[in-house]
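Trainee: Return a 3D structure for these sequence lines:
(2 chains)
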Amino acid sequence: MQKPPLNSSASLTLMYSASFLLCIFFGALLKQIGTPGNYVNIMMFALIVGGYIFSGMFAKTMILPVFKNADRTGKAFYMGQSLAAGAISSGVFIFLSGDFYTNGTDALTLYSGLILGIALMTVLFAAPINRSNSSTLPSLFTHADGSKFIKFMVLIIVVTTSVLLLYVQLSAIGMVSEAFFSIPEKIAILITVFTIGFCLIMGGMQSLSIIRMLAYPILLIAFIAPAIWVAYKLTGNPIPQLSFGTGALRTIAEIDQEMINAQFSTKEEIFNFTKDGLNFDFFNHFAALLCIAFGTASMPHLLQHFRTLPKATHARKTGVWGLGFVLLIITAIPAIAAFIKLDIYTALLGLQLSDLQQEGSWLFDLNKNGASIISICGEYVTNTAQTISACGNAGDYFLTSNDIGVNPDMMLLASGVINELPDLVTTLLATGALLAIWSTVDGLILVCANALAEDGYRSFFRPKSPMGSRLFVTRVFLILMLTLSAYLVLNVNLDSRFVFAACFALLTACLFPALIFKIWTKDFSQPSIVTGLIIAFLLTSSMLWLSHFGLDLIAKNGDEFAFRIPVITDEVTPLSMGLIGMIVSLCITLLTSKFLKAKAAKTEHNPHVKNEIKSDVPA
Amino acid sequence: MIFTRTRKTLRSISMKPARLVSYISFALIILAWPLPLFLNNAKFQLFDIPFVYLYTILIGPALILFVTNWACKFSDDLDRRQPETEND
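Mentor: Residues are numbered from 1 along each chain as shown, chains lettered A, B, ... in the order given. This next block holds a predicted model:
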């Protein structure tokens, strides 16, 4: 009998990691002999594509339970890697360090929320989801009375939030591929769609688990190696998490003080990296932290990993391993932001504009080809004349910290150049970023397709459909979801940060309370949970729409609503709306639980309900 | 009335009191972990890093990892000792 693919996790991980290290080695050799940068970048890109194709071919299956749950043959250590790779999306790998650079302490919201979310997911949901016989999240809400309405509502929420997060991830692909792989955005997205589609259509959850498991070591090397290199170069201590205090923060504070003493800046003008206080008020900050946490805990494409383990105890261990693996990477992010700030300070602060061409030409190279990375006096400059014009036509003007801006979305990927590291480091970071994005996109696509096929098509149209046709329909939905997501990202222009906030707000307001009530309580009837869910969904989505678009389809044209809570806050941010929706959902569910009771259970006489539960159990 | 309602809800959760208390304790530790972030005290420093910053970046996550691991092992022990119920 053929060994299940997930039993070969150790050898697969070693093989792929070895291939990656070989690519780095050959890349370094090619650089030494003077090969243009593109060949190395294309080689790394090909490695990612090759990994997905290999995963699809290796894990291909025509058996539905294997396609959906990898036949529950996963191992905790390796599924923990899959979980970590899925959790580390573009938001963490690319944007978080830029957030730390520009917002300082405020960026700890996303940081803390992610950690809290994975911990909550492990403690609250890992074991119950593993034990349940349902293969999708909406199926978890199958009720003994056979009612499907709540399942339909959860399906809507799962698909909506997944599509929103897909949009954010695919938007980042264009930025990375154009700037670092010289691949136009449209072609990059088409390659993404075809490669991920091939992988998922062949093996479903099995190939998804494998490729995410293979991706994690690459993400770790791609992120940590540059961090260790920079930490050692600047401070002599290779552990970035410990060395950025003495190595970077102290020096930055000393430079800031020198600027104040020389009267180039005032204390109010200087943005203190670790200043007291927060940029926005306590309510919004705290609500954002909780929303990120509850949203992460109820993220469907992460929860589906717990079904691939044979037992509940393995599922819990997977969560713990996943949390540990995520911490390995994200604890280095504040250090990276501090080191980049120090490098920019030492390279540019106090420099006269007329000396920029000689001593700061790397800055102009960074901003070429449309890649807006470092701004001087508010403009992404590419020559000295443009710089002088931006700063007010004074060639003897000395640059201060307030004149220098960094595009937070591009900062990490450009850190190799900013820190004067070899080009291969930039390629490494870009490879890691692309892999982080792809390993999130594939999970989101699969969770949508599975939910639409099982809880849409099968539940409402063909409850008695055979496994073969269910597998076929799932694959059709995979193709449809890939097409839809590519179409959206290429034709619809939305603010990615708002879309990200909207996704987490909806998860927090709707899915998290529903899961808690369903899994952890018996006292609340299904109808009361549905009522709370519907009202929370309508309230949160209305608030999000009105605050961003107003009464039309045009964003930021002056007719947007600004929600405020007297005494507490003057403006409710999009993330905070999720917390408001969750509180409303809890209140409505508690209030209506006494008055709305479920219909009498029909388990004895309802063959559809019995079949529906049993047929999801792997053969 | 609040006491009666609370008692009814606790009974409906269908869980042994020891396990419920443990879960509530774990939840409180996990949820209370980021609160020092809001203390606004950048003056106390360790390794030249403000303590609140260091706590949120390193010490807190290590604590969360430890507590989560402990919670999972505790749940596994309880599962082995007791028959499984729907809300375990």
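Trainee: make it CA atoms for all contacts and neighbour counts henceforth
Mentor: Will do.
Trainee: got a list of what the closest residue to A:N130 other than its chain neighbours touches?
Mentor: Leaving out its chain neighbours, the residue that sits closest to A:N130 by C-alpha to C-alpha, 6 or more residues apart in numbering or on different chains is A:R307, at 4.8 Å. Going by C-alpha atoms under 8 Å, 6 or more residues apart in numbering or on different chains, A:R307 touches A:69, A:72, A:129-131, A:135, A:315.
Trainee: Isn't A:L452 up against A:V476?
Mentor: No - the criterion here is C-alpha atoms under 8 Å, and A:L452 misses it with A:V476 at 10.2 Å.
Trainee: neighbours of the residue lying closest to A:A76 once chain neighbours are set aside, just the number please.
Mentor: Using C-alpha to C-alpha, 6+ apart and skipping residues adjacent in sequence, the residue nearest A:A76 is A:T318, 4.4 Å away. By other C-alpha atoms under 10 Å in any protein chain shown, the residues close to A:T318 number 28.
Trainee: swap in A:Q32?
Mentor: 9.
Trainee: More neighbours: which of A:L452 and A:V476?
Mentor: Neighbour totals were compared for A:L452 and A:V476, and A:L452 leads with 25 against 14 (other C-alpha under 10 Å).
Trainee: Pull up the gap between the more buried one and A:S469, please.
Mentor: Between A:L452 and A:S469 the distance is 14 Å, computed by C-alpha to C-alpha, to the nearest Å.
Trainee: same thing with A:V123?
Mentor: From A:V123 to A:S469 the distance is 36 Å (C-alpha to C-alpha).
Trainee: out of the two, which sits in the busier spot?
Mentor: Neighbours per residue (other C-alpha under 10 Å) separate A:V123 from A:S469, with A:V123 holding more: 25 against 13.
Trainee: so what pLDDT did B:R7 get?
Mentor: For B:R7, the model assigns a pLDDT of 63.
Trainee: actually A:L278, not the one I wrote
Mentor: In this model, A:L278 carries a pLDDT of 48.
Trainee: pLDDT below threshold where in chain B?
Mentor: Counting by pLDDT under 70, chain B shows low-confidence ranges at B:1-19, B:36-49, B:82-88.
Trainee: The stretch 451-600 of chain A: helices as residue ranges?
Mentor: A:459-460, A:467-491, A:496-506, A:512-520, A:526-548, A:574-592 (DSSP state H, counting those that start in this stretch).
Trainee: Alpha carbons of the last one, as CSV, please.
Mentor: Spelled out, that is helix A:574-592. The C-alpha trace of helix A:574-592 is given here as CSV (Å, rounded to 0.1, in the frame of the first residue of the first chain):
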residue,chain,number,x,y,z
PRO,A,574,-12.6,50.2,10.8
LEU,A,575,-10.9,47.6,13.0
SER,A,576,-12.8,48.9,16.1
MET,A,577,-16.1,48.4,14.3
GLY,A,578,-15.5,44.6,14.6
LEU,A,579,-15.4,44.9,18.3
ILE,A,580,-18.7,46.9,18.4
GLY,A,581,-20.2,44.2,16.1
MET,A,582,-19.1,41.4,18.4
ILE,A,583,-20.5,43.1,21.5
VAL,A,584,-23.8,43.6,19.6
SER,A,585,-23.8,39.9,18.5
LEU,A,586,-23.2,38.7,22.1
CYS,A,587,-25.9,40.9,23.5
ILE,A,588,-28.5,39.9,20.8
THR,A,589,-27.7,36.2,21.2
LEU,A,590,-28.0,36.4,25.0
LEU,A,591,-31.2,38.3,24.9
THR,A,592,-32.9,36.2,22.2
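Trainee: Nearest to chain B: which residue in the stretch 351-500 of chain A?
Mentor: A:L412 (18.2 Å; C-alpha to the nearest C-alpha).
Trainee: Let me know how buried A:K233 is, in neighbour terms.
Mentor: So A:K233, with other C-alpha under 10 Å, has 13 neighbours.
Trainee: swap in A:S465?
Mentor: Using other C-alpha under 10 Å: A:S465 sits among 12 other residues.
Trainee: So what does it have for phi and psi?
Mentor: Backbone geometry at A:S465, expressed as degrees, to the nearest 10, gives phi -70, psi 140.
Trainee: mind checking pLDDT for it?
Mentor: At A:S465, the pLDDT recorded in the model is 85.
Trainee: element containing the residue nearest to A:A76?
Mentor: Taking DSSP states H and E as the criterion, A:T318 maps to helix A:312-330.
Trainee: quick one: contacts of that helix?
Mentor: Contacts of helix A:312-330 (C-alpha under 8 Å, 6+ apart): A:75-85, A:87-88, A:92, A:111, A:115, A:118-119, A:121-123, A:126-128, A:130-131, A:220, A:223-224, A:306-307, A:309, B:61, B:65, B:68-69, B:72, B:76.
Trainee: buried stuff in that helix?
Mentor: Applying a neighbour-count criterion of 16 or more other C-alpha atoms under 10 Å in any protein chain shown, one finds A:312-327, A:329-330 buried in helix A:312-330.
Trainee: mind showing which ranges of the stretch 501-619 of chain A have poor pLDDT?
Mentor: The model of the stretch 501-619 of chain A has pLDDT under 70 over residues A:596-619.
Trainee: give the contact list for the residue of the stretch 351-500 of chain A closest to chain B.
Mentor: Contacts of A:L412 by C-alpha under 8 Å, 6+ apart are A:94-95, A:97-98, A:336-337, A:429.
Trainee: Just the element for it, please.
Mentor: Counting by DSSP H and E, A:L412 is found in no helix or strand.
Trainee: show me what contacts A:V158?
Mentor: A:300, A:448, A:451.
Trainee: Would you mind listing what in the stretch 501-619 of chain A touches chain B?
Mentor: A:519-523 (C-alpha under 8 Å from any C-alpha of the partner chain).
Trainee: so who does A:G456 touch?
Mentor: A:152, A:155.
Trainee: orientation of the longest helix belonging to chain A relative to helix A:312-330 in degrees?
Mentor: Determined from DSSP state H, the single longest helix within chain A is helix A:185-235. On the basis of axes from the mean of the first three to the mean of the last three C-alpha atoms, to 10 degrees, helix A:185-235 is oriented at 70 degrees to helix A:312-330.
Trainee: how about helix A:185-235, does it get close to chain B?
Mentor: No - in terms of C-alpha under 8 Å from any C-alpha, no part of helix A:185-235 sits within range of chain B; the closest distance is 12.8 Å.
Trainee: following that helix, which helix or strand shows up next?
Mentor: helix A:240-244.
Trainee: Off-centre distance for that next one?
Mentor: Relative to its chain's centre, helix A:240-244 lies at 24 Å (C-alpha atoms, centre = their mean, to the nearest Å).
Trainee: How about stretch A:237-257?
Mentor: Worked out by C-alpha atoms, centre = their mean, stretch A:237-257 lies 28 Å from the chain centre.
Trainee: So is that stretch next to chain B?
Mentor: Yes - using C-alpha under 8 Å from any C-alpha, stretch A:237-257 comes into contact with chain B via A:241-246, A:249-250.
Trainee: gap between the two ends of that stretch?
Mentor: 25 Å.
Trainee: Please identify the buried residues of that stretch?
Mentor: Applying 16+ other C-alpha under 10 Å to stretch A:237-257 flags A:237-252, A:255-257 as buried.
Trainee: now swap in stretch A:24-39 and tell me
Mentor: In stretch A:24-39, counting by 16+ other C-alpha under 10 Å, buried: A:24, A:27-28, A:31, A:37.
Trainee: Likewise for stretch A:390-403?
Mentor: Neighbour count says stretch A:390-403 has A:390-391, A:395, A:398-401 buried, by 16+ other C-alpha under 10 Å.
Trainee: likewise stretch A:60-68?
Mentor: A:60-61, A:63-68.
Trainee: What about the contacts of A:R307, which one has the most neighbours?
Mentor: A:A315 (30 neighbours).
Trainee: what's the residue closest to the geometric middle of chain A?
Mentor: A:S89 (2.9 Å; C-alpha atoms, centre = their mean).
Trainee: that older thread, so which of the buried residues of stretch A:60-68 also contact chain B?
Mentor: Restricting those to those near chain B - C-alpha under 8 Å from any C-alpha - leaves none.
Trainee: Out of the residues you listed, list just those in helices.
Mentor: Per DSSP H, the buried residues of stretch A:60-68 map to helices at A:64-68.
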